[in-house]
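Undergrad: A structural model of the following input is requested.
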Amino acid sequence: MKTRSIAKPSTLLVVTVLLPLALLACGSSASQNTAGATPPVSVLPLSTPTGSSTTGRPGFPATGTTPSGPTGQPPVSQIPDPVAHESSATPAGPPSLTPGTPVPPTQALSFAALAVNSDTVYVGETGHFIKNPFLAYWLKYGAAGVFGNPLSEIFQQNGKEVQLFEQALLEYHPELAGQSGEVQLGFLGQQLAQAQNLSPATPAFRPVSADDASPDTSYFPQTQHTLANPFKTFWEENKLLKFLGYPISQAQEQAGLTVQYFERGRLEYNTATRKIAYSNSGDLLIAAQGWPAPAKFGLEINIPDNPLALNQGQILSVELVDQGSAASSEPPVDLQGKFAASTLKFSPLKKDSSPAISYKALQAIEPSLNPGTYPLTLAFIDRQGIARTITRNIRVNSRDYGSQDLDLAGDLSTLADRSADDYDNAQLNAAYSTFSPTCLWQGIWQWPLKVPWTQVTNFAQQRTFNGKTDTLYLHEGIDMAPNSETAGANVQVAAPGKVIFTGSLKARGLSVAVDHGLGVTSYYFHMSQIDVKVGQTLQGGESVGLVGSTGRSTGPHLHWEVRVNGLISDPRNFLNEDLSR
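TA: Residues are numbered from 1 along each chain as shown. Coordinates of the predicted model:
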């Protein structure tokens, strides 16, 4: 029978994968406005943020509904049956490692350690590579959403090549090369129980007879244990025999959770939240064995997965979560990020609900950015001095914001050319480039007008003046006209911030700009009166001036504009989503 071998983790190939870090350091704009640009490191299209041992992974439900992984991925029930069932009624013995290999290769590697190609990907969240045939199996049956991210390189265990993941142990069977059982799930749950010194002498692991099983439990003679709710319904409805195997213990209390061990993993139930989750058994095994654990990072993005996609005019929120961090730990060194041609600016963010430190960046998706797929790439040095990269492909979809021709009569016609806007932009350039690392607001923003009003021009509407196509441009905010059609209504700042500009501009009239932190600034134009001064700190809802018709305006209205790192964004993004978290 034909067999195929897997490259050993000790085999290092000479490669030139340092390109992404170099590009980020140089601020290259080679991919500017170009859809479909190929990232220098292979993308993990199905990967999800690395989770903790007490948190259900994306793609799995918190209750007993059938999990399907990310959209379009097969349910766990489609994992092929093991070729041979090797269960025992007691936990397996300790894994035997290859002589000369005292512990598995669990320490994180640099993204430049191995060649990355169609057969190999690098997972920057945990600093490990996945190679075929494990890679094909991992991708086919749900990727990180099912198995978690890799916690080791490939190593020898009990005569098999295996790789440890957060929620699974994958085994390679060369005698079945090219067949369904070439890659199989190993007995991770049994190994975890053994490493934690949970033997048949432990009460929860003592065999149970069929006579002792109650009517509302399921008894499994294969392992001499029963399954009761809350785990019973979850295990049955999600058809978890293939993924977890049979129970090898009874349910028990452990570290504040109700847990039950299975041949290939562990389930846990949080009585406070009433949710069931898959334990990160791989992490627990590393801790129990005392093996070196890779520093883990999670990537959180504010858009749905598979495919990752958002529209022109939306906001991309990128958050790198240092999951092993504490307030006193060293942050990632030289954290850099890039989306399309834009360089991301990160700020540290501490969430009250988590001990981990996050690094957050917001980026506006300009309405003029061509639809297509663009790489999001993060590069940094972790606390052990390991160079990491995390890469995703994100699809930008087109959005039609409409068009408008504005009839300018009399003196206003002289403002129809771009010179007035060029003058205004020069005056506002310092405001556009303002970046304060502290987020000054929390929660959803509010509309800047409290009186009834009508939208007269939409954000990103294609506007021309006096029917002249050579004046075409994208309107950069939302025009709000009070229904009374009179000037004088209070203009209120949409969120807490600090005033960074006040003045009279040619096209925009009497204007105020406010810094909200994280590169987010808001603008209030065409006012008849300014009520604030530069440097003044504002709470959300405080008045900055009165509605007017100054500058290039055909009637009383407020032009409300929001920019992120100088790029225009639909203000409604901040009304619909809390981007401070």
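Undergrad: how's the chain carved up into domains?
TA: Following automatic domain parsing, the chain resolves into domains at 51-289, 297-397, 403-576.
Undergrad: pick out the shakiest of those domains, pLDDT-wise.
TA: For the domains of the chain, mean pLDDT drops lowest on domain 51-289, to a mean of 83.
Undergrad: let me have the domains of the chain in TSV, extended by mean neighbour count.
TA: For glycine as for every other residue, the C-beta is placed from the backbone atoms N, C-alpha and C. Shown next, in TSV, are those (neighbours: other C-beta atoms under 10 Å):
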stretch	mean neighbour count
domain 51-289	19
domain 297-397	19
domain 403-576	18
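Undergrad: surely Gln190 is within a strand?
TA: No: using DSSP: H, G, I helix; E, B strand; the rest coil, the assignment for Gln190 is helix, not a strand.
Undergrad: that one against Ser249, yeah?
TA: No: using C-beta atoms under 8 Å as the test, Gln190 is too far from Ser249 to be in contact (10.3 Å).
Undergrad: residues shared between the contacts of the two?
TA: Tyr261 (C-beta atoms under 8 Å, 6 or more residues apart in numbering).
Undergrad: just after the lengthiest helix in the chain, pick out the following helix or strand.
TA: The residue-count maximum for a helix in the chain (DSSP state H) belongs to helix 419-432. Counting by DSSP states H and E, the next helix or strand C-terminal to helix 419-432 is strand 453-457.
Undergrad: C-terminal to that next one, what's the next element?
TA: With elements assigned by DSSP H and E, the helix or strand that comes after strand 453-457 is strand 462-465.
Undergrad: identify the residues contacting that next one?
TA: Identification of contacts with strand 462-465 by C-beta under 8 Å, 6+ apart yields 401-408, 416, 457, 471-475.
Undergrad: may I have the strands that pair with it, each with its orientation?
TA: strand 403-406 (parallel), strand 468-474 (antiparallel) (DSSP bridges).
Undergrad: could I get those in JSON lines, plus columns for distance to Ile154?
TA: Below are these laid out as JSON lines (distance: least, C-beta to C-beta, whole Å):
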{"stretch": "strand 403-406", "distance to Ile154": "57"}
{"stretch": "strand 468-474", "distance to Ile154": "51"}
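Undergrad: for Arg264, which of those is the nearest?
TA: Proximity to Arg264 (C-beta to C-beta) singles out strand 468-474 among the strands paired with strand 462-465, at 54.1 Å.
Undergrad: compute the inter-axis angle for the helix or strand that the closest one is followed by and strand 453-457.
TA: Next helix or strand after strand 468-474 toward the C-terminus (DSSP H and E): strand 478-482. Relative orientation of strand 478-482 versus strand 453-457 (axes from the mean of the first three to the mean of the last three C-alpha atoms, to 10 degrees): 140 degrees.
Undergrad: tell me the gap between strand 478-482 and the middle of its chain.
TA: 35 Å (C-alpha atoms, centre = their mean, to the nearest Å).
Undergrad: what does it contact?
TA: For strand 478-482, the surrounding residues in contact (C-beta under 8 Å, 6+ apart) are 447-449, 451-459, 489, 547, 555-561, 571-572.
Undergrad: and the strands in the stretch 51-200 of the chain?
TA: Using DSSP state E, counting those that start in this stretch, the strands of the stretch 51-200 of the chain run over 120-123, 128-131, 155-157, 160-164, 169-172, 183-185.
Undergrad: out of those strands, which is closest to Ile357?
TA: The closest of the strands of the stretch 51-200 of the chain to Ile357 is strand 120-123. By C-beta to C-beta, the value is 20.6 Å.
Undergrad: what's the closest one packed up against?
TA: Counting contacts by 3 or more C-beta pairs under 8 Å, 6 or more residues apart in numbering; DSSP states H and E, strand 120-123 is packed against strand 128-131.
Undergrad: partners of the strand it packs on, with directions?
TA: Applying DSSP bridges, strand 128-131 is found paired with strand 120-123 (antiparallel).
Undergrad: the closest residue to Phe205 other than its chain neighbours: what's it in contact with?
TA: Spatial nearest neighbour of Phe205, chain neighbours left out: Ser249 (4.9 Å); criterion: C-beta to C-beta, 6 or more residues apart in numbering. By C-beta under 8 Å, 6+ apart, the contact set of Ser249 is 193, 198, 202, 204-205, 225, 260-261.
Undergrad: okay, those in JSON lines with distance to Val76 and secondary structure next?
TA: Shown next, in JSON lines, are these (distance: C-beta to C-beta, whole Å; DSSP: H, G, I helix; E, B strand; the rest coil):
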{"residue": "Ala193", "distance to Val76": "21", "secondary structure": "helix"}
{"residue": "Leu198", "distance to Val76": "25", "secondary structure": "coil"}
{"residue": "Thr202", "distance to Val76": "28", "secondary structure": "coil"}
{"residue": "Ala204", "distance to Val76": "25", "secondary structure": "helix"}
{"residue": "Phe205", "distance to Val76": "25", "secondary structure": "helix"}
{"residue": "His225", "distance to Val76": "21", "secondary structure": "strand"}
{"residue": "Gln260", "distance to Val76": "17", "secondary structure": "strand"}
{"residue": "Tyr261", "distance to Val76": "18", "secondary structure": "strand"}
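Undergrad: out of those, flag the one nearest to Gly509.
TA: Gln260 (67.6 Å).
Undergrad: surely that closest one is in contact with Pro247?
TA: Yes: Gln260 lies in contact with Pro247 (C-beta under 8 Å); the separation is 5.9 Å.
Undergrad: which neighbours do those two share?
TA: By C-beta under 8 Å, 6+ apart, the residues touching both Gln260 and Pro247 are Leu227.
Undergrad: start to end distance for stretch 427-443?
TA: In stretch 427-443, first residue to last residue: 30 Å (C-alpha to C-alpha, to the nearest Å).
Undergrad: from the chain's centroid, how far away is it?
TA: Worked out by C-alpha atoms, centre = their mean, stretch 427-443 lies 23 Å from the chain centre.
Undergrad: with stretch 121-133 instead?
TA: Averaging C-alpha positions (C-alpha atoms, centre = their mean) puts stretch 121-133 17 Å from its chain's average.
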